[in-house]
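A.B. asks: okay, structure incoming, though there's no sequence with it:
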């Protein structure tokens, strides 16, 4: 804790003693739970977690800012500075004065940007030690003001007076620095004339005072204020320069005159006025380009678009473009209204015409109304652009209309990783009156009309869809009835075929057996009786074979390709059993178990049997070969022999085996081909497409085959 003798020693040694004391380490005792913060530097170093615990504070410091109406009380010791929380100031009676030495006992609390001193359970305790000299100000450059690192400290900065205003409670002086404007709050002046006499605009000054931060709602630093305790803290370094003595620059040279310090000099520019927003800004153009001027409060001539003017102001970088701030205008001569740059005929980047007067046309794709006016979203040859109107005119353009806008161009850009600027968008601030002109109105199909048409068409489609669903239901019902009728017809045809096979094959053989049995009973000759019994046994075997074939055909488990081919092999082997004719089978072991219709396998087996019988009866063959293959959806069975051969064109009358084979294959949607050379054997190739025939179609295919054979 500092005593009055320490203060006198610091005063004797000057700023060096205060600087040395500021470099001392923070004296925060953290050993026990009741440790107290004894320096303001230690207070500023507390984290949010430590502030939540509300540690006790006991510091000795000097009042450097005391303004009771604004609830500001700032104290500073040799290590740093801090503010007293505003809720504690109402109970301080009398209110501390500037330069008063205090002992403050309380707790640490979170402030707007840095920790503050607040009252504990017993409130804020203040012990007054008398008056002392103010600590010497810390010289800062403009970049040191950013971020709030020196918040609440007494500092000294150099700047240029940009504007001033005399209020009843405080005088506000706008200072231009390398980081922009800083507001200096000084004691009240007698009037505006007296304030301008003390601090004329354009004068370079040195200001001393307490620095405070401006924060946003998220608690982030966005600016700062400088509080001067007395007018003696503001000293004039240089008077404002004479306007005619300022350097004259072109508009494209504004960036060359801008500096990063507090001594950015004012410059003069000349050009033609493009547009003026009184009380805010003006737009100028010369032979090198265009620029925007933010107007100051000094007296200026009234100008209009087309006037030739001279402007004086301070160059600063604002939103990635160099502007003149606090500019004053002096009219040189009148002129014709400026000609806008026609962007429709330009192929350059729109960024070259930033802040210039331009003309742009395109199709409106969106309209929105805001408190600031009307916004049009327009599709142009340079992409999508915005057009801002200060108010919503009567008969505003609607989406789909082609319009032409005349106004000030504002280009949005960003910095790339390569260090170049890239254009992101374009906005045109239309100048009334006639800033937006409709070239071609929107077509008749406005969004409302289009919505009505869509509603009508949608209703018609819904009705049509319902009608189609009803038709589909009727078709499905009729189709189900037709399929049931076809199924019943197919069942009837299958039953008729089975009855016919039993009658023709089994019935005929059984009738023959009955007749031969009667003859055998009446036969007296033993040899003839023995021969009759043998014929009866042979007929019985044929009946069994025919019955077995019928049963195989009816069994649905045999509706497979592999079992059909296996059955055909058994037929050929059975025909050659006991005969001096070799039987060769060429059947792959991995035939697929694909389904095949009962009618198809029946006719295919009968055709194989017929072809094998023809080879035995007429070819005189020594070997009969059966080969089968199934490729994709086609089943092929080939029966070949090494007999004498057969020419199909010379088939004797009464021989119908070949015709029977062809008829059977036609009935099942297949094909039978014959290859024969005299003395070279005969090959019968049977092909049937799987899934091409079904029991439901066997009837009409049989009738079609009959008609074809009759032809």
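C.D. replies: Received, thanks. Here the structure is a predicted model, which is why all the values come from computation and not from measurement.
A.B. asks: for the rest of this, base every contact and every neighbour count on C-alpha atoms.
C.D. replies: Will do.
A.B. asks: burial count for the nearest residue in space to residue 84 that is not next to it in sequence?
C.D. replies: Nearest residue to residue 84 in three dimensions, chain neighbours excluded: residue 117, at 4.7 Å (CA to CA, 6 or more residues apart in numbering). By other CA atoms under 10 Å, 28 other residues sit near residue 117.
A.B. asks: residue 688 too?
C.D. replies: Other residues lying near residue 688 total 24 when counted by other CA under 10 Å.
A.B. asks: show me what contacts it?
C.D. replies: 634, 635, 636, 665, 668, 669, 670, 671 (CA atoms under 8 Å, 6 or more residues apart in numbering).
A.B. asks: let's see it at 6 Å
C.D. replies: Neighbouring residues of residue 688 by CA atoms under 6 Å, 6 or more residues apart in numbering: 634, 635, 670.
A.B. asks: dump the residue contacts of the spatially most central residue of the chain.
C.D. replies: Centroid-nearest residue in the chain: residue 424, 18.5 Å away (criterion: CA atoms, centre = their mean). Contacts of residue 424 were listed using CA under 6 Å, 6+ apart, and they are 412, 413.
A.B. asks: pLDDT wise, what is it at?
C.D. replies: On pLDDT, residue 424 comes in at 88.
A.B. asks: about what we covered before: the residue nearest to residue 84 in helix, strand or coil?
C.D. replies: strand (DSSP: H, G, I helix; E, B strand; the rest coil).
A.B. asks: ok, how many other residues are close to residue 580?
C.D. replies: By other CA under 10 Å, neighbour count at residue 580 equals 10.
A.B. asks: what does the pLDDT read for it?
C.D. replies: pLDDT, residue 580: 87.
A.B. asks: what helix or strand is it on?
C.D. replies: Under DSSP states H and E, no helix or strand contains residue 580.
A.B. asks: one step back: now do the residue nearest to the centre of the chain against residue 414, distance only.
C.D. replies: Applying CA to CA, to the nearest Å, the value for residue 424 to residue 414 is 7 Å.
A.B. asks: quick check: phi and psi on the residue sitting furthest away from the middle of the chain?
C.D. replies: The centre of the chain is farthest from one residue, residue 524, which by CA atoms, centre = their mean lies 106.8 Å away. Taking degrees, to the nearest 10, you get phi -100, psi -20 for the backbone angles of residue 524.
A.B. asks: repeat for residue 268
C.D. replies: Taking degrees, to the nearest 10 as the convention, residue 268 sits at phi -110, psi 140.
A.B. asks: what bridges to it?
C.D. replies: Beta-bridge partners for residue 268, by DSSP bridges, are residue 248, residue 312.
A.B. asks: quick one: pLDDT of residue 518?
C.D. replies: We have a pLDDT of 75 for residue 518.
A.B. asks: quick check, it in a strand?
C.D. replies: No. Using three-state DSSP, the assignment for residue 518 is helix, not a strand.
A.B. asks: what's the burial count for it?
C.D. replies: Residue 518 sits with 11 neighbouring residues when counted by other CA under 10 Å.
A.B. asks: who are the neighbours in contact with the closest residue to residue 199 other than its chain neighbours?
C.D. replies: In space, and not counting its chain neighbours, residue 199 is closest to residue 161: 7.0 Å by CA to CA, 6+ apart. Neighbour list for residue 161: 175, 201, 202, 203 [criterion: CA under 6 Å, 6+ apart].
A.B. asks: which one of those residues sits closest to residue 139?
C.D. replies: Distance to residue 139 across the contacts of residue 161 (CA to CA) is lowest for residue 175, with 16.1 Å.
A.B. asks: the residue nearest to residue 84 touches residue 105, doesn't it?
C.D. replies: No. The pair residue 117 and residue 105 does not pass the contact test of CA atoms under 6 Å, sitting 8.4 Å apart.
A.B. asks: so where do the strands sit in the stretch 401-550 of the chain?
C.D. replies: 402-415, 421-430, 436-440 (DSSP state E, counting those that start in this stretch).
A.B. asks: elements contacting the first one?
C.D. replies: Contact partners of strand 402-415 among helices and strands, from 3 or more CA pairs under 6 Å, 6 or more residues apart in numbering; DSSP states H and E: strand 357-370, strand 421-430, strand 436-440.
A.B. asks: got a list of contacts for the shortest one?
C.D. replies: Yep, that's strand 436-440 we're talking about. With contact meaning CA under 6 Å, 6+ apart, strand 436-440 is reached by 401, 402, 403, 404, 405.
A.B. asks: what's across from the third one in the sheet?
C.D. replies: Beta-bridge pairing of residue 403 under DSSP bridges involves residue 362, residue 438.
A.B. asks: what's the neighbour count on it?
C.D. replies: Residues lying near residue 403 (other CA under 10 Å) number 21.
A.B. asks: ok, the fourth one next?
C.D. replies: Residues lying near residue 404 (other CA under 10 Å) number 20.
A.B. asks: does it touch residue 364 like I think?
C.D. replies: No. Residue 404 sits out of contact with residue 364 when judged by CA under 6 Å, with a separation of 10.0 Å.
A.B. asks: and the residue farthest from the centre of the chain, how far from residue 534?
C.D. replies: Taking CA to CA, one finds residue 524 at 16 Å from residue 534.
A.B. asks: tell me how far stretch 173-184 lies from the chain's centre.
C.D. replies: Offset of stretch 173-184 from its chain centre (CA atoms, centre = their mean, to the nearest Å): 43 Å.
A.B. asks: I should have written stretch 365-375 there, sorry.
C.D. replies: For stretch 365-375, the distance to the chain centre is 26 Å (CA atoms, centre = their mean).
A.B. asks: how far away is the residue nearest to the centre of the chain from residue 311?
C.D. replies: Remark: distance between residue 424 and residue 311 (CA to CA) = 31 Å.
A.B. asks: before we move on, back to that, distance to residue 330 and pLDDT added to the contacts of strand 436-440, as a markdown table?
C.D. replies: Listed next are those as a markdown table, based on distance: CA to CA, whole Å; pLDDT from 0 to 100:
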| residue | distance to residue 330 | pLDDT |
| --- | --- | --- |
| 401 | 42 | 91 |
| 402 | 40 | 93 |
| 403 | 36 | 93 |
| 404 | 33 | 94 |
| 405 | 30 | 94 |
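A.B. asks: and residue 226, how many neighbours?
C.D. replies: Counted by other CA under 10 Å, the residues lying close to residue 226 total 25.
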